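Q: Let me see the structure of the following:
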Amino acid sequence: MSRIETIPELIAYKRDGNEMDEGLISKVVSNIVDGSMSPVQIGAWLMACQINGLSAKETAHLTKRMAFSGEHFVAEPDRVDKHSTGGVGDKMSLILAPLLRAAGLRVPMLAGRGLAHTGGTIDKLESIPGFNTGLTLEEMATNPCFISRQSKQIAPADRILYAARDVTATVPSIGLITASIISKKVAEGLDRLVLDVKCGKAAFMKNIDDARTLAKSMVEVGTILEVGIVAQITEMDTPIGEMLGNSHEIVEVIECLKGRGPNDTMELVRIQAEALGVDIEPYLKDGSGLEQFKQMCIRQGVEHSIVESLCDNPWSVLPKAKQRFTWQAPISGWITDIDAYRLGTILLSMGAGRNHPDDAINHGAGIELLFTVGDYVKAGEPIVHLDMEDYDNHHPGIGDAYTFSENPPSQSRPSRLIETIYADK
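A: Purely as a prediction, here's the structure:
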């Protein structure tokens, strides 16, 4: 393989369906990072990967080279993180991180912004006045628990490939998705990682087979790269929790840390913590989880007085939209479904999300669900609050997200956990 030297030769080798060894993958990544590989060539190589697929070995080699393509942290014991593939109402990172810190673990969490109907952890945190989501590498290195944007110095190959995949129709590649997610986690120097792979109408993976394939790929590659890793496939047909939107989800995070969170939200937090070997109950009961949330905010630039006000009365600090519209039940009956994807698109139309990475968002726009699946409501009863800037000229079709029935559900709401993927299976 030493004869393969030029960029066109590297592209052709993968185009013809050959498996690339670590040396060839290393050449590709080096050429991407130093600018030798043009955008057209990057797109061609990505398409070759999309069409021919990446083997487990290729994916592991690519992940490793992407992880170490820039600055990275040295792996150390008790350094943990979680990653979610994204959904509607997914606020678990903000609850889990301080609880894990309360248990004595180090949590270096790199997160992203939301795009389309899925919310972003960074957008939610930026609802808090003064919260710095752009920590430097030096600030990250000395911080025992943080949630920050990915630095340009960490896994730069991923940043380039991620942008290229978005415009070259190569986003669905399991190998490329795996490398993108796991490379950033390896660069964090993790000891253990739990993955939340969403499956359903509002998830990237719509069916269980696709979700299982991605979960197994990430677990296999993470294990090869010596990260203790577990993947949980969870339901994303219905929204998570009661508060949806950026400020709104910060409100629910604080409620959860006070031990008053919705059952489905807390179920996900508990199973993710358990996968990392932590029982969160003591840290909810003694308030140390909430205290660690406060300390994280202060370390990331929020004034002490604002943090205290935030935790005492969140809406005294957080931005909120100017008007509230209350949607009432059109009929009496049992709520049998709430379409999370539909609610996600409504949030997007209200300004709580973005269609393009450069779009500005309204941190105060959001939805509060007063009832959930399995509840009985009477006609005319308020069941949803929508906070937006102007509902007079823009009335979202909230009713399209709800399904009612004359009969109660056959069983109580099942667990959101569908399946767990371990390294030895």
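Q: Quick check: Gly120 vs Val40, distance?
A: 30 Å (Cβ to Cβ, to the nearest Å). All C-beta spots, glycine's among them, are computed from the backbone N, C-alpha and C.
Q: now do Gly104
A: Going from Gly104 to Val40 by Cβ to Cβ gives 49 Å.
Q: same thing with Pro108?
A: 35 Å.
Q: neighbour-wise, which of those two wins?
A: The neighbour comparison of Pro108 against Val40 (other Cβ atoms under 10 Å) goes to Pro108, with 23 against 11.
Q: and that one, that's in a strand?
A: Yes - with DSSP: H, G, I helix; E, B strand; the rest coil as the criterion, Pro108 is assigned to a strand.
Q: and the residue nearest to it when sequence neighbours are not counted, how many neighbours?
A: Distances taken as Cβ to Cβ, 6 or more residues apart in numbering place Glu188 nearest to Pro108, at 4.7 Å, with adjacent residues excluded. Glu188: 26 surrounding residues under other Cβ under 10 Å.
Q: which residues touch Glu188?
A: Shown in contact with Glu188 (Cβ atoms under 8 Å, 6 or more residues apart in numbering): 72-73, 79, 81, 108, 110.
Q: out of those, which one sits closest to Val194?
A: Asp81 (8.0 Å; Cβ to Cβ).
Q: Who are the packing partners of the helix or strand hosting the closest one?
A: Secondary structure from DSSP states H and E places Asp81 in strand 80-84. Strand 80-84 is packed against helix 92-102, strand 107-111, helix 174-187, strand 192-199, with contacts defined by 3 or more Cβ pairs under 8 Å, 6 or more residues apart in numbering; DSSP states H and E.
Q: Compute the inter-axis angle for the shortest one and strand 80-84.
A: Strand 107-111 runs at 20 degrees relative to strand 80-84, counting by axes from the mean of the first three to the mean of the last three Cα atoms, to 10 degrees.
Q: picking that back up, tell me the one of the contacts of Glu188 nearest Ala155?
A: Closest to Ala155, out of all of the contacts of Glu188 and judged by Cβ to Cβ, is His72, at 7.7 Å.
Q: confidence score at that closest one?
A: The per-residue pLDDT reported for His72 equals 93.
Q: Ser412 now?
A: 69.
Q: ditto for Val186
A: 95.
Q: pLDDT weak spots in the protein?
A: Across the chain, residues meeting the criterion (pLDDT under 70) sit at 1-2, 115-116, 391-396, 412, 425.
Q: Please, where are all the strands along this structure?
A: Ranges of strands in the chain, per DSSP state E, are 80-84, 107-111, 145-149, 192-199, 228-235, 243-245, 323-328, 333-338, 366-369, 376-377, 382-388, 402-405, 417-421.
Q: List the contacts of the residue nearest to Glu22 when sequence neighbours are not counted.
A: Of all residues not flanking Glu22 in the chain, His61 sits nearest, at 4.3 Å (Cβ to Cβ, 6+ apart). His61 is in contact with 20-22, 25-26, counting by Cβ under 8 Å, 6+ apart.
Q: got TSV for those residues, with distance to Pro282 and neighbour count too?
A: Shown next, in TSV, are the contacts of His61 (distance: Cβ to Cβ, whole Å; neighbours: other Cβ atoms under 10 Å):
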residue	distance to Pro282	neighbour count
Met20	48	24
Asp21	48	12
Glu22	44	14
Ile25	45	24
Ser26	46	17
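Q: Out of those, which is nearest to Gln272?
A: So of the contacts of His61, ranked by how close each gets to Gln272 (Cβ to Cβ), first place is Ile25, at 31.2 Å.
Q: returning to that earlier point: from the contacts of Glu188, which is closest to Tyr13?
A: For these, the nearest to Tyr13 is His72 (27.7 Å; Cβ to Cβ).
Q: In contact with that closest one, which residues?
A: Per Cβ under 8 Å, 6+ apart, neighbours of His72: 154-155, 186-189.
Q: Equivalent analysis for Lys184, please.
A: Neighbour list for Lys184: 67, 110, 150, 154-155, 158 [criterion: Cβ under 8 Å, 6+ apart].
Q: could you redo the last one with a cut-off of 7 Å?
A: 110, 150, 154-155, 158 (Cβ atoms under 7 Å, 6 or more residues apart in numbering).
Q: gap between the closest residue to Val384 other than its chain neighbours and Glu389?
A: Nearest residue to Val384, sequence neighbours excluded (Cβ to Cβ, 6+ apart): Trp327, at 4.3 Å. Trp327 sits at a distance of 17 Å from Glu389 (criterion: Cβ to Cβ).
Q: out of those two, which sits in the busier spot?
A: Counting neighbours by other Cβ under 10 Å for Trp327 and for Glu389 shows that Trp327 has the greater number, 19 against 14.
Q: And the helices in the stretch 151-300 of the chain?
A: Using DSSP state H, counting those that start in this stretch, the helices of the stretch 151-300 of the chain run over residues 156-167, 174-187, 208-224, 246-257, 263-275, 281-285, 288-299.
Q: So for Pro144, which of those sits nearest?
A: Closest among the helices of the stretch 151-300 of the chain, once you apply Cβ to Cβ, is helix 288-299, at 8.6 Å.
Q: now what about the closest one, what contacts it?
A: With Cβ under 7 Å, 6+ apart as the criterion, helix 288-299 contacts 97-99, 101-102, 128, 131, 143, 145-146, 257-258, 280, 283, 304, 307, 311.
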